[in-house]
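Q: Below is the sequence, then the predicted model.
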Amino acid sequence: MKIVAVTACPTGIAHTYMAAEQIETTAKRAGHEVHVETQGSMGIENELSAQAIADADVVIFAVDIEVEKKERFEGKRIIQVGVAEAIKKADALIARASG
């Protein structure tokens, strides 16, 4: 399965990157292809390509703020959770995305 994700917290510092790391690690361990974009005080980092979004089976928004450029994901299956859930319950989140 191909997964793309966006992580973002209000300050865009620690929790944004912790969530990104958990999603990446957990998805790869489960055998999925994953690309994660982070958004926050530094702006958009590791911006997802249009091709990665088009190829994705599912989009995960692990965010506590509004996603920038959200229109890129129109028509895709989206799962939205808070940043803390992505950090603490990454296994359940990836299982949900797989289902």
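A: Done, it's in.

Q: Mind checking what helix or strand follows whichever strand or helix holds residue 53 in sequence?
A: For residue 53, the host element (DSSP states H and E) is helix 50-55. Next in sequence after helix 50-55, counting helices and strands by DSSP H and E, comes strand 58-63.

Q: chain center to that following strand: distance?
A: Chain-centre distance of strand 58-63: 4 Å, with Cα atoms, centre = their mean, to the nearest Å.

Q: Quick one: mean pLDDT over it.
A: Averaging pLDDT along strand 58-63 yields 98.

Q: which secondary structure elements does that strand contact?
A: Here strand 58-63 touches strand 2-8, helix 14-29, strand 78-81, helix 83-88, helix 90-98, going by 3 or more Cβ pairs under 8 Å, 6 or more residues apart in numbering; DSSP states H and E. (Glycine included, C-beta is placed from N, CA and C.)

Q: Let me know which of those is tucked in deepest.
A: With neighbours taken as mean count of other Cβ atoms under 10 Å, the helices and strands packed on strand 58-63 reach their highest mean count in strand 2-8, at a mean of 25.

Q: what's the spatially closest residue to residue 18 that is not a sequence neighbour in contact with, if anything?
A: Distances taken as Cβ to Cβ, 6 or more residues apart in numbering put residue 87 closest to residue 18, at 5.1 Å, once the chain neighbours are dropped. Applying Cβ atoms under 8 Å, 6 or more residues apart in numbering, we find residue 87 in contact with 15, 18, 19, 22.

Q: one more time with 10 Å
A: 7, 14, 15, 18, 19, 20, 21, 22, 23, 62, 93 (Cβ atoms under 10 Å, 6 or more residues apart in numbering).
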